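[1] Turn this into a structure:
(chains A and B)
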Amino acid sequence: MTLDLTQFHDTFFEESFEALDTMESALLELDVGAPDPETINDIFRVAHSIKGGSATFGFGDIASFTHSLETLLDELRAGRMAVSVSISDLLLKSVDVLREMLRAVQAKLPVDAQRVADLQFDLELAIARRGGEPQSTSSSAGTETRPRGWRIRFHPYREFFARGNDPVRMLRELATLGAIEVEADATLLPALSELDPQACHLGWTIHLAGGAAEEAIREVFDWATGECDLQIERLGPWAAEERPAPDTVATLPESSEPPHANLLARGSASGISADVAAAGSIRVSVEKIDELMNTVGELVITQAMLSQLSPLLEGPGAEQLRSGLAQLERNMRELQESVMRVRMLPISFVFSRFPRMVRDLAQRLGKQIELKLTGEHTELDKTVLEKIGDPLVHLVRNCIDHGIETPEVRVAAGKPAAGTVHLDACHRGGTIAVEVGDDGAGLDRARILAKARERGLIAPSDTLSDEQVHELIFLPGFSTAEHTTDLSGRGVGMDVVRRNIKELGGTIDVRTERGRGSRFLITLPLTLAIVDGQTVAVGTETYIVPLTSIIESLQLKPEQVNRFGGRGELFAFRGQYLPVIRLHEIFGVEPRARALHQGLVVVVEGDGRRVGLFVDDLLGQQQVVIKSLETNYGRVEGVSGATILGDGSVALILDLPGLVRFASLRIAA
Amino acid sequence: MTAAKSEAPQPPAREAAGSAARQVLTFVLGDETYGVDILRVQEIRGWSAVTKIPQAPAHVLGVLNLRGSIVPIVDLRMRLALERAEYTSITVIIVLSVQSGTGRRDFGVVVDGVSDVVDVDEAEVRPPPELGTRAATDFIRGLVPVAERMLVLLDIDRLIGDAASVGVAHGEPA
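    Numbers count the residues shown, from 1 in each chain, chains lettered A, B, ... in the order given. Modelled structure (predicted):
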């Protein structure tokens, strides 16, 4: 039987990319001069696990490169080399190259061999320069330094014997792996009068000499998983000398720690997902969660149907049934929320890319920048998370490029030489508020105005409030950078940022103070799977208008409506003339009201424009679960999806930007 | 409701063609009897009001909620260019599925009534005659005599496969 390894490729890539992210952030934390050995260990483990994985799957280039990287890291770990700025740069570059190699291999594209070879040469040069003889790099695997031994801390729980476990047998088995030295920890042994003869009060620390494999050691304790605290530590060559004296054993209050933490955190040889593992997580495909969500959505609808029937019930059991239904409703709501939360990820997934970016940019631009991240644990939907990354990168770049001044300018203005870029996220009601701020120069009103006039975005005679001026930066084709850099200032900027955020159903605003800095305030929905909607009626059909796009609903008087060109209808709204889109015409349904004053007009914003949607009536507001029309049907212009209402019928959700575009095409035609 | 729910297994497309006999679900449209491969049938349910879809071709009546997924409903009479009929309480929707490049797609067809499940010997299937109207014969896989009547076997891949059927006026079928 041959094992098809390709089925594991996806997992390998996914884990490796995550591991590289971990490695990158660990590298950024690394203090030059006084590195934390634990951090270096983490970095080493990542390189090691990628090397192992790539060798297993036959990605020779990656394995060979990571081997060099690992050798360098091992030198650092052993303290034979100091962590300098150039070494830290070299390591960061290696992360980039590794990421590119992995991407290339994943896409089955050729690897940029020259770049890899150059960097690998640099790595080996660095190793050689520390004075010692460089390790051979010809063989990609198997030359790793064997640990001299292991320290195993084994603390069974009280009920250990009751589960049929025998620690003595385990110790004997360990002895077959190499010479062992066992120290018992009897600190938890109660007085004889209180001693429960059936409980386990002892713990052991075992020193196992020799190069036994970690898996072999774990195997010994296989049956005790979950019934003891187990720590297995590699005693590297440098740690061997400082082996603790026997009397330190008494200071190990292990049994008070949570049962799984130790076991898992130190557990996997890979160590890459230590954070994740410590929280006790599992990897689940998004489809499975979506399926679960679908089913829960169905349950909610069924429950709503039952609730609608319950007032009609009579008879002896009716009251009990009603209270049961009320209970069901509460449980359903909790269930729905829990399932939603499964899809939520902390925003740190996005924030984590900034330390590196800010560091590189600051270096390149000769600015001093301190990055402050707060609220990284704020959770939001994975889909929103994936789409908010690029806009945020753009904003941060803008802050660094345009906002923060050079150190000289800053000092001259009486500010600290190092500028601060601050990213913050928090929950606010049903939304997420993300803020990108800097303490730089702030927006320059005069320059914005001059640029806007030059670009013909406003008339020379226009007088604008500060707020209106700040809005100008979100216009397409606007960019005030004196000279174009490769960072920002190519004129694709804030308008794209705003459009992306609007597509997610969010908003962006700017607050600024001359000389004090600017703040970009972004509001995002928690999830794209649910939308707060206004249900509107047109004829016999019901449509959902996303609440975030609604500005106002009003009833027009006949004299408020103006016509032009024989087809368009306009009405005055807050000093603007807005066109009317008759929903029944666009969607081809028979309306109850044809005259504008008989129905209602919902003023909405879509695609940056405001229009009035003409509908028969407003029905109510509710949260709706968004379902795809495209799964079984196809895309429909002006419709973003569908949802199932409480009575089990389907209602279409309006895509306002699409609808506005579609309607203007029709009017133009 | 005439909803005799039957959860059919995942349709293994045409694998069964090798064996001689296959089971066919038959239904009526007016005086005519039609049949579809039973492995493609997901569910049979009673008629209920659909939600209209804008810019849809005329034979796509709208969409229905089928246990949480949104399924388009095709009027088979219109699709086959037959005379229209009123929808009544015995009007039935047969939910069928096809495998397309993008995965499984479900759709419902409205028929006058479901009749029977019959075994059809593949050898007895005759090709459809060349009739004047191409539209109708395009979706017909063949004709089979069953109990002295003629059974029209539908090719549901063709019925749903081409963009004009369930696909949309604007853009690609998903």
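[2] Okay, and whichever residue of the stretch 1-150 of chain A sits closest to chain B sits in which element?
    When distances are taken as Cβ to the nearest Cβ, the stretch 1-150 of chain A reaches nearest to chain B at A:Asp10, 18.3 Å away. The way it works is simple: take the backbone N, C-alpha and C, and place the C-beta from them, glycine included. Per DSSP states H and E, A:Asp10 falls inside helix A:9-29.
[3] Can you list the residue ranges for helices in chain B?
    Ranges of helices within chain B are B:76-79, B:134-137, B:156-161, based on DSSP state H.
[4] which of the ones you listed has the lowest average pLDDT?
    Comparing mean pLDDT across those, the lowest value falls on helix B:134-137: a mean of 57.
[5] And the strands in the stretch 351-500 of chain A?
    Using DSSP state E, counting those that start in this stretch, the strands of the stretch 351-500 of chain A run over A:369-374, A:379-381, A:419-428, A:431-438.
[6] pLDDT wise, what is A:Pro416 at?
    For A:Pro416, the model assigns a pLDDT of 90.
[7] ugh, wrong one, I meant B:Leu66
    pLDDT, B:Leu66: 84.
[8] OK, contacts around it?
    By Cβ atoms under 8 Å, 6 or more residues apart in numbering or on different chains, the contact list for B:Leu66 reads B:43, B:45, B:95, B:106, B:108.
[9] Just among the residues you listed, which is most surrounded?
    Top of the contacts of B:Leu66 by neighbour number is B:Gly108, holding 26 neighbours under the definition other Cβ atoms under 10 Å in any protein chain shown.
[10] Show me the residue at the heart of chain B, geometrically.
    The residue lying closest to the centre of chain B (Cα atoms, centre = their mean) is B:Val109, at 5.2 Å.
[11] A:Leu504 contacts A:Pro525, correct?
    Yes. In this structure, A:Leu504 is within contact of A:Pro525 by Cβ atoms under 8 Å, at 6.9 Å.
[12] Give me the common contacts of those two.
    Common neighbours of A:Leu504 and A:Pro525 (Cβ under 8 Å, 6+ apart) are A:Val384.
[13] if I read this right, A:Ile127 contacts A:Thr71, doesn't it?
    Yes. With contact defined as Cβ under 8 Å, A:Ile127 counts as touching A:Thr71 (5.8 Å).
[14] Any regions of chain B where pLDDT drops low?
    Confidence mapping of chain B against pLDDT under 70 gives the ranges B:1-20, B:101-102, B:130-137, B:161-174.
[15] Lowest-scoring secondary structure element of chain A by mean pLDDT?
    One helix or strand of chain A scores below all others by mean pLDDT, DSSP states H and E: helix A:259-265, with a mean of 37.
[16] if we can go back for a sec, so which elements touch whichever helix or strand comes after the helix holding A:Asp10?
    Next in sequence after helix A:9-29, counting helices and strands by DSSP H and E, comes helix A:37-56. Packing partners of helix A:37-56 (3 or more Cβ pairs under 8 Å, 6 or more residues apart in numbering or on different chains; DSSP states H and E): helix A:9-29, helix A:60-77.
[17] Show me where the stretch 201-350 of chain A has its strands.
    A:203-209, A:228-235, A:344-346.
[18] which helices and strands does the shortest one pack with?
    What it means is strand A:344-346. strand A:379-381, helix A:382-398.
[19] Indicate which one of these is closest to A:Leu76.
    A:Leu76 lies closest, by Cβ to Cβ, to one member of the helices and strands packed on strand A:344-346: helix A:382-398, at 30.1 Å.
[20] okay, the angle between that closest one and strand A:431-438?
    For helix A:382-398 against strand A:431-438, the angle by axes from the mean of the first three to the mean of the last three Cα atoms, to 10 degrees is 20 degrees.
[21] Give me the buried positions along helix A:382-398.
    Within helix A:382-398, the residues scored as buried using 16 or more other Cβ atoms under 10 Å in any protein chain shown are A:382, A:384-385, A:387-388, A:391-392, A:394-398.
[22] Dump it to PDB, keeping only the CA atoms.
    This file holds the C-alpha atoms of helix A:382-398, laid out as PDB (Å, rounded to 0.1, in the frame of the first residue of the first chain):
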ATOM      1  CA  LYS A 382     -13.400  35.500   9.100                       C
ATOM      2  CA  THR A 383     -14.700  36.900   5.800                       C
ATOM      3  CA  VAL A 384     -14.700  40.400   7.000                       C
ATOM      4  CA  LEU A 385     -11.300  39.900   8.400                       C
ATOM      5  CA  GLU A 386      -9.900  38.700   5.100                       C
ATOM      6  CA  LYS A 387     -11.200  41.700   3.300                       C
ATOM      7  CA  ILE A 388     -10.200  44.400   5.800                       C
ATOM      8  CA  GLY A 389      -6.500  43.600   5.500                       C
ATOM      9  CA  ASP A 390      -5.700  45.500   2.400                       C
ATOM     10  CA  PRO A 391      -7.600  48.700   3.300                       C
ATOM     11  CA  LEU A 392      -5.800  48.700   6.700                       C
ATOM     12  CA  VAL A 393      -2.400  48.200   5.100                       C
ATOM     13  CA  HIS A 394      -3.200  51.200   2.800                       C
ATOM     14  CA  LEU A 395      -4.200  53.400   5.800                       C
ATOM     15  CA  VAL A 396      -1.100  52.500   7.800                       C
ATOM     16  CA  ARG A 397       1.100  53.200   4.800                       C
ATOM     17  CA  ASN A 398      -0.600  56.500   4.300                       C
END
